[in-house]
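# Pasting the sequence and the predicted coordinates here, then a few questions.
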Amino acid sequence: MARIRVNGTVHEVDAEPETPLLWVLREQIGLTGTKFGCGIAACGACTVHLDGIPMRSCVMQIQDIDEGQEITTIEGLSPDGTHPVQRAWAELDVPQCGYCQSGQIMAAAALLADNPDPSDEDIVAGMTNICRCGTYNRIKAAIKRAAELG
Amino acid sequence: MAGQISISRRGFLASTMAGGLCLGLRIPVPGAAMAQEGAPTEVNAWVVIHPDDTVVIRVARVEMGQGTLTGLAQLVAEELDADWEKVRTEYPTPGESVARNRVWGPFGTYGSQGIRASQQYMREGGATARAMLLRAAADRWGVEPETLTVSRGVISGPDGQTLRYGELAADAAAVEVPSEVTLKDPSQWTIAGQPVKRIDTAPKLDGSQIYSLDHTMPGMLNAAIRQTPVPGGKVAGFDANAVRDMPGVREVVAVGEDAVAVVADTWWRAKTALEALPIEWNEGENADLSMDQIHAMLDEGLEAEEAFIGTSRGDFAAARAEAAQVVEAVYHFPYQHHATMEPMNATALWTPERCEVWTATQDAEAALAATATAADLPIEQCEVYRFTLGGGFGRRASSHDYVHQAVAIAKAMPGTPVKLIWSREEDMLHGCYHPITKAKMVGTLDADGNLTGMHMRISGQSIFAGLMPEALEEGLDPLAFQGLNAESDEGEFGYSVPNLLIDHAMRNPPVRPGFWRGVNNNQNAFYLESFMDELAHAAGRDPLEFRRSLLADHPRHRAVLDAVAEAIGWDSAAPEGVFRGICQHMGYGSYVAAAAEVSVDDQGQLTIHRIVAATDPGQVINPQQIEAQIEGSFAYGLSAALLSEITVSDGRIDQANFDTYPVVTMREMPEVESIVMPSGGFWGGVGEPTIFVAGPAVMNAIFAATGKRVRTLPLASTDLRTG
């Protein structure tokens, strides 16, 4: 049994110690907003926050997470979907298929928490998630908008 | 645009039945007497109205990011005069469609046809429902419908009385289907044609959107699969006992002849056990397949005596004999993978009496057929429930192999729902790849630099031959000529070349091909528009002027080209060190063009400073979503042009994940300025067309910058260093 704290709630989970956090979130805790895309930390669809730091949960083993650490998923980013990043995303109609957007939003929220007024280069350096629909330019614009809203 | 369209009832039924359609009201529906307090009413197949005035519009085509759900809802809501704020959508199932004589028409969502191929009957569906609601109100008030007005779902009578759609739906469902409906002229549109926000965004922002991969059911198990590493290979044997005692494992299942699946309580445990499962393969006759072999096949096709002639005019041989200058070049476009962000997956529940599948598909009817086949049950005893796709791009239309497999696994465990998820590696190693081709281009110029003739020999793989041989015409593949046809509403060759020969030597390596966003237009546009650039330079002429001089007979082709030329400032000097490229193409009924500004430093590093892209899709339903499609098509098209390639060694696909199949990220993504310029009178697609011009615009600009002609994609294989 592992104990992890997700979105403010402690969960006891029955998973082997090597199990990636992604699959614990999705299969044991039922939080499916965090997506499986590649399994090798290349695409970022599985991005969550660990104590506020953006992490790719598909390669983070459950045994390496301490109960004292706070995991935040897309479901816990804001209680009612009104985080400035979510509002900016809605304003600019960012998602297409939407599958990567949980990860994009979590990466953007972490970027802005660390750097409330990012330059274009800061955004490009901080946003390495893959979007096959190609929403990158709207994501970039929405991050700037979120910085204004924030 | 046709403007006001009147259709007679007889004509409507005749025309719709010919297409396999019928109006929902021809089917018994809950009428006024059956209406319950709080229950929604189906006014017709497309329109369901709730007592609280919520309007549910049924959409058979599927949403995969391209905005079709919103666009079709806009069109129906427009004709219905609904309150857009109260509009929702839902997907009918293919099983319902079978039971109702295909009332919703085709479900297939590919070929950039989601809106253009549905708009007529869906607008008629909206207009018919509106007329029935008006009739119901008129009957209530004892007046003629002509005396009524409608605004945002509220009908007003001559004496100022009002009724809401929600109050009238049950009555409306019971009235006679009107004998004719008049569709609005687009100039009257207030919902369609507007840059309204997508109808499906909110759940994509908080994790609540459920994709197929997120689906779960009580008692559901999870399956991980390994398929033959070599096309045509088979499972020789596996040792299930080696993994049976691993955590969570419930079953090890042979899936067809070429795959093995492990079923466990969680997918991670299934995958972990699968990796420990000893499997022996009979690799078959393709075990030594290499790129050298594939290239040799294609090279032979470039010179072959026999080829399928797609377009022929004048006498190319004579033009060649008389030419002042002959220009020749060989081009190549490699295999590409779709790499949808959501890997292939499906959940199946099989019993001897019924089989149900939950999945992501671009063609739910094809998924239902796959389900019935794999389940060995009549189609009436099967059903497919679908989800918004985590990307499609043609993969989820090319093959429903993942549905077949999920059903096969579930069939081994009757009564237990099983979710099959392909790992990214399985997804990339078992794609339906954009087909491999080469082209030999020969152009002839007279002494004045005029293009007198062109021969375009395409050699390579046919998608039809690989996926659906029944679609071939006497063994030949007309789809090979997308965008190169002499006369076509779908994709017409725009240049007036007096002596023109375009032919295809089909050569099919044993690597499964598929429909990949833009399909054969991708390589055809790259070949033709790069070579047109070569010819312009060989003739000593400006690439824009050279093209324009040959497009006099195709004003729409020329108009989009002119639009991007003007926007990029073709007539004025580019900034120091910045160079331009331009191109145009027609496909999926739309005219597209692009201009690019690039620079290449002395280390060969490319920077794309600016892209301007134009499209004339005839009709515009949502301009801001068309802009989104244009931008997205450049991300996808430039991934293939700059970075991505699927190759084969020892019969195996070499790329298994994004570390070896790099795609455009925000770092490589250029700014894209979109010009949406509908000229009216036709309906073209928008999901794919601008992808055609992404690569050639940039490659032509690279030539301007470096003098290097990129004839083989991706660009990553070309050394752009100067000096």
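Received the coordinates, thanks.

# list the contacts for the residue sitting nearest the centre point of chain B?
Centroid-nearest residue in chain B: B:Tyr110, 3.9 Å away (criterion: Cα atoms, centre = their mean). By Cβ atoms under 8 Å, 6 or more residues apart in numbering or on different chains, the residues touching B:Tyr110 are B:362-363, B:392, B:394, B:397, B:515. (C-beta placed from N, C-alpha, C; glycine too.)

# ok, which of those also contact chain A?
Contacts with chain A within these, as defined by Cβ under 8 Å from any Cβ of the partner chain: B:Gly392.

# Between the contacts of B:Tyr110, identify the one with the most neighbours.
B:Gly392 (29 neighbours; other Cβ atoms under 10 Å in any protein chain shown).

# Quick check: the residue of the stretch 301-450 of chain B nearest chain A.
The nearest approach of the stretch 301-450 of chain B to chain A comes at B:Gly390, 3.1 Å away (Cβ to the nearest Cβ).

# Residue of chain A nearest chain B, please.
A:Gly33 (1.9 Å).

# Give the burial count for that residue, as a bare number.
A:Gly33, neighbours per other Cβ under 10 Å, totals 26.

# Ramachandran coordinates for it?
Taking degrees, to the nearest 10, you get phi -70, psi -30 for the backbone angles of A:Gly33.

# for stretch B:47-64, which positions count as buried?
For stretch B:47-64, burial by neighbour count (16 or more other Cβ atoms under 10 Å in any protein chain shown) applies to B:47-51, B:53-64.

# List just the nearest of the contacts of B:Tyr110 to A:Val10.
Comparing the contacts of B:Tyr110 against A:Val10 with Cβ to Cβ picks out B:Gly392 as the nearest, at 39.0 Å.

# hang on, the closest one packs against B:Gly111?
No. B:Gly392 is beyond contact range of B:Gly111, at 11.9 Å (criterion: Cβ atoms under 8 Å).

# Report the set of residues contacting both of the two.
By Cβ under 8 Å, 6+ apart, no residue touches both B:Gly392 and B:Gly111.

# Which residue ranges make up each domain of chain A?
What automatic domain parsing lists as the domains of chain A is A:2-76, A:84-149.

# can you map out the helices along chain A?
Remark: helices assigned in chain A by DSSP state H are A:21-23, A:84-91, A:101-114, A:120-126, A:136-149.

# Mind checking if the last one is in reach of chain B?
By that I understand helix A:136-149. Yes. Helix A:136-149 lies within reach of chain B by Cβ under 8 Å from any Cβ, at A:136-140.

# And that helix, what's buried?
Buried, per 16+ other Cβ under 10 Å, within helix A:136-149: A:136-140, A:142-147, A:149.

# In the residues you listed, find the pair that's most separated.
Every pair of these checked by Cβ to Cβ; the farthest is A:Tyr136 and A:Leu149, at 20.0 Å.

# tell me, how many neighbours does residue 79 end up with?
In the absence of a named chain, this looks at chain A. 10.

# looking at chain B here, not the other one
So B:Glu79, with other Cβ under 10 Å, has 27 neighbours.

# And for B:Ser572?
Other residues close to B:Ser572 by other Cβ under 10 Å number 6.

# same question, B:Val98
B:Val98 has 16 nearby residues by other Cβ under 10 Å.

# buried sites along the helix or strand encompassing it?
In this structure, B:Val98 sits in helix B:94-99 according to DSSP states H and E. By 16+ other Cβ under 10 Å, the buried positions in helix B:94-99 come out as B:94-95, B:97-98.

# Show me how the record splits chain B into domains.
If you go by automatic domain parsing, chain B breaks into B:5-194, B:214-284+B:339-429, B:291-336+B:433-717.

# mind checking pLDDT for the residue lying closest to B:Val698 once chain neighbours are set aside?
Closest residue in space to B:Val698, ignoring its immediate chain neighbours: B:Ala596 at 4.8 Å, by Cβ to Cβ, 6 or more residues apart in numbering or on different chains. Looking at B:Ala596, its pLDDT is 98.

# related to what we said a few turns ago, just the buried residues of stretch B:47-64 that are near chain A?
Within the buried residues of stretch B:47-64, those near chain A by Cβ under 8 Å from any Cβ are B:63-64.

# From A:Leu31, how far out is B:Leu479?
43 Å (Cβ to Cβ, to the nearest Å).

# Could you pick out the residues of the stretch 1-150 of chain B near chain A for me?
B:63-67.

# coming back round to it: highest mean neighbour count out of the domains of chain A?
domain A:84-149 (a mean of 22; mean count of other Cβ atoms under 10 Å in any protein chain shown).

# Now do the SS call for B:Ala261.
strand (DSSP: H, G, I helix; E, B strand; the rest coil).

# Next: B:Ala129.
helix.

# can I assume it is in contact with B:Glu42?
No. With contact defined as Cβ under 8 Å, B:Ala129 does not count as touching B:Glu42 (9.6 Å).

# So for these two, which sits in the more crowded spot?
B:Ala129 (35 against 19).

# got a list of what the more buried one touches?
Counting by Cβ under 8 Å, 6+ apart, B:Ala129 has contacts B:43-44, B:46-47, B:80, B:172.

# what two of those are the furthest from one another?
B:Trp46 and B:Ala172 (13.1 Å).

# who's more crowded, the two?
Applying other Cβ under 10 Å to B:Trp46 and B:Ala172 shows that B:Trp46 carries more neighbours, namely 29 against 26.

# my read: the more buried one touches B:Val76, true?
Yes. Using Cβ under 8 Å, B:Trp46 is in contact with B:Val76, at 5.7 Å.

# Which residues are in contact with each of the two?
Common neighbours of B:Trp46 and B:Val76 (Cβ under 8 Å, 6+ apart) are B:57, B:122, B:125-126.

# just these now: which is nearest B:Gly284?
B:Met122 (46.9 Å).

# Can you get me a residue count around the closest one?
26.

# sec struct for it, please.
helix.

# which residues touch B:Ile568?
Counting by Cβ under 8 Å, 6+ apart, B:Ile568 touches B:580, B:582, B:595-597, B:610, B:612.

# got a list of what B:Glu178 touches?
Actually, residue B:178 is Pro. It isn't Glu. Here B:Pro178 is in contact with B:9, B:128, B:131-132, B:135 (Cβ under 8 Å, 6+ apart).

# Save the residues you listed as TSV, and put in distance to A:Thr19 and pLDDT too.
Converted to TSV, those look like this (distance: Cβ to Cβ, whole Å; pLDDT from 0 to 100):
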residue	distance to A:Thr19	pLDDT
B:Arg9	62	33
B:Thr128	54	98
B:Ala131	58	97
B:Met132	56	98
B:Arg135	61	97
